[in-house]
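S.K.: Here is my input, please return the structure:
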Amino acid sequence: MSVAGAIEPRPVPLGIVGNSMTPLPVALDASALHTSSKILEIIDRYRMVSSPSIDNRADESALKFIALTYTHVKARRPVPMCLPAFPFKSPNSVSKVLGSLPDKADEFALARLNGLCQAIGDVYTPGAKLTIISDGLVYNDLLGVPDKDVWAYGETLRALAIAKGFNNISFSRLRDLVNIELPTEFNEMTYVANASNFRRALLNSFSRPDWSWEEARKSEDVCMTYRGYIKFLQLDLENVYPLREDRTKSKYKKGIEYIARQMMARGDAFANAVRTKYINHIRLSIHPSTGESKLSLNLLPTDTFYTTPWHSAIVFRLDGTTTTGPRAEFEKDDKLELVYENDRPSYFREKSDLLSWAEEKGGIVCEPIYPAGLTIRPAKGRGALTMDDIDSKKVRALSEINSPIILRGFVKRPEKEAFIKKSYEFGEPLPWKFGLLLEVKDRGADTRGLNNVLSAEWMPFHYDGLFKTVKKVDEATNKEVLVSTPPQFQFFHTPTASPSDTGFTLFSSSTLLFKYLPSWLTVEKLSTMTWTVSTSSFDATTLKGLPLVIKHPTTGAPCIRYHEPWPQSKTSFDATSVTIDGNEDSEVVCDAITELLHDRRIAFYHVWERGDLLVSDNILMMHTRSDFTAGSDRELWRIHFD
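M.R.: From the prediction side, this is the model:
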């Protein structure tokens, strides 16, 4: 059975080729090798932190995983990965999990894994495909979990992946690893009827005759998995096997140890089956390991060792960050409330009156977005509330903490006049030289002085208003200087729907960017840096001495202020030069920030639906747009306000 591991991963580069020009043997494809190295570096972002006591052999296994990845990259195939995981929910739904079916924790785990595959696709066009192999039937009878519960969990998980568009993930069952005769129609009843047959076939076909616990425990990976089983079984089985007169604490402990060893024996057979079936796949794992034969991942963005959704509940803080742990722990916290989805408990969230309004008309549903932001809908469905019902003050306050805020289902027919009127409720709308409202759509070569904003090409990450400037007198020098005056908020509305696979608007939060900074680049270090930006567009503006980090005017939180360098090789319009002032490592720092802004653990890729309203804090967030087919019917209306 899969168990949780350690806390959030720190980068430990596995790549061996840092430059595609590195001298290589003639037989090797330098480009394919470089890409393979980059792919493993991306996987490494999601890895568990190894305990200092673990004999870490990730460096030794790097060559093996590079070689395996290289064979797929050279052939231009999607990189296949496999992960034994998502067995069933812990049988302890009283104090550990929220129920027997997938909840928001499972959804975020799948989103994170799908994001891993997408991140690989960002550097390697064929991308990656992940097969999740359910190990539920391997162990469920040992834990008292009914076979039909394993089926229900797996089926609901598959439906969830389809509904959320996690297209890089597929699923496999124990039936796919063994060879037994099955009826043509495979459903819940035939699954349950054959559950024992699947287990028997697995053990008969893949158990090693010479396997023994005494020998197996000599492996450090085996011992780490065993210790994980012991740890989690303590709580998993407390209601299955409650203490009583004839079952003391010591007997309960011995029973858990026996069950754990039985799980290890079955797990060895299951691992043999996976190796046989998925021989050319990169083997991922949720168990702590030395990294010798598998890459151990954290499935959830959490600050605890509860990194799997079937052993924990998830909590969403108001700023969008998450933590995980036992249900009972969160139920005791008066600052948290339990949220239901589909009439089932799904997750905990920090209490706030910002998350409710229009109660007299049925109220709203606020749904967390991976990796950041909120989607707000009328609780009674599309059209039950209108734009007039939106509480602009609460939405504004929310966006300062956790952007973007997507307001969906409030508008049946987008109208510019209504949108403009609503903007005055949020704050002070700020007109530009083109007017108050900008129609953002592809206008070909007609830039209207806005560089590539009105084009179909990919844009650099930026914050709006960098090049909106005024001249002021510097009190220190008594000289006139050019000062940037960016607005605090963006307000978007769309009269059209965008394609689901292109034309994304990307939003990256300073909160998450600082969370995932490399160890050599701290917030404190960034806060001492300034930068210079120049472009021949926007009236040939050059701005110097811009702080790289500023404090948010409302929350006081540090926020990144940056523009992605955009050389002429990336645009048909005007290039933008960015340098870190007086820093010999300017390019290295810029590359690190740029990579983080595009990191799928940080960047939210928004797909626009007709009628969407979106509010984003232009200080907390950086944003950009991906490219799309020129001339397509993709249009946004944008207003800025303070």
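S.K.: so what are the domain limits for the chain?
M.R.: Annotated domains of the chain cover 75-311, 313-407, 416-641 [automatic domain parsing].
S.K.: mind listing the strands for the stretch 201-350 of the chain?
M.R.: All strands of the stretch 201-350 of the chain, identified by DSSP state E, counting those that start in this stretch, fall at 282-285, 295-296, 313-316, 322-325, 336-341, 344-350.
S.K.: and among the ones you listed, the most buried is which?
M.R.: Highest mean neighbour count of those: strand 313-316, a mean of 25 (counted as mean count of other Cβ atoms under 10 Å). (Each C-beta comes from the backbone N, C-alpha and C, glycine too.)
S.K.: Return that strand as CSV; C-alpha atoms alone will do.
M.R.: C-alpha atoms of strand 313-316 as CSV (Å, rounded to 0.1, in the frame of the first residue of the first chain):
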residue,chain,number,x,y,z
ALA,A,313,-7.2,15.7,4.5
ILE,A,314,-6.1,18.9,2.9
VAL,A,315,-6.5,22.5,4.2
PHE,A,316,-6.6,25.7,2.1
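S.K.: who does it touch, helix- and strand-wise?
M.R.: On a contact count with 3 or more Cβ pairs under 8 Å, 6 or more residues apart in numbering; DSSP states H and E, strand 313-316 meets helix 104-123, strand 322-325, helix 327-331, strand 344-350.
S.K.: follow-up on the earlier one: could you dump the domains of the chain into CSV with distance to Asp44 added?
M.R.: CSV is the format used below for the domains of the chain (distance: least, Cβ to Cβ, whole Å):
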stretch, distance to Asp44
domain 75-311, 8
domain 313-407, 18
domain 416-641, 12
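S.K.: Please render the helices and strands packed on strand 313-316 as JSON lines that adds distance to Gly582 and mean pLDDT to the earlier fields.
M.R.: Listed next are the helices and strands packed on strand 313-316 as JSON lines, based on distance: least, Cβ to Cβ, whole Å; pLDDT from 0 to 100:
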{"stretch": "helix 104-123", "distance to Gly582": "31", "mean pLDDT": "98"}
{"stretch": "strand 322-325", "distance to Gly582": "38", "mean pLDDT": "97"}
{"stretch": "helix 327-331", "distance to Gly582": "48", "mean pLDDT": "98"}
{"stretch": "strand 344-350", "distance to Gly582": "41", "mean pLDDT": "98"}
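S.K.: Please name whichever of these is nearest to Asp501.
M.R.: Of all the helices and strands packed on strand 313-316, helix 104-123 sits nearest to Asp501, with 11.2 Å by Cβ to Cβ.
S.K.: Could you measure from the most far-flung residue of the chain relative to its centre over to Val470?
M.R.: Distance from the C-alpha centroid of the chain, by Cα atoms, centre = their mean, peaks at Asn478 (48.4 Å). According to Cβ to Cβ, to the nearest Å, Asn478 and Val470 sit 17 Å apart.
S.K.: Same check on Ala328?
M.R.: 56 Å.
S.K.: These two - which one has more neighbours?
M.R.: The neighbour count for Ala328 versus Val470, taken as other Cβ atoms under 10 Å, is higher for Ala328 (13 against 9).
S.K.: so what's that one up against?
M.R.: 94-96 (Cβ atoms under 8 Å, 6 or more residues apart in numbering).
S.K.: again, 6 Å this time
M.R.: Going by Cβ atoms under 6 Å, 6 or more residues apart in numbering, Ala328 touches Ser95.
S.K.: quick one: low-confidence parts of the stretch 251-400 of the chain?
M.R.: For the stretch 251-400 of the chain, not a single residue meets the criterion pLDDT under 70.
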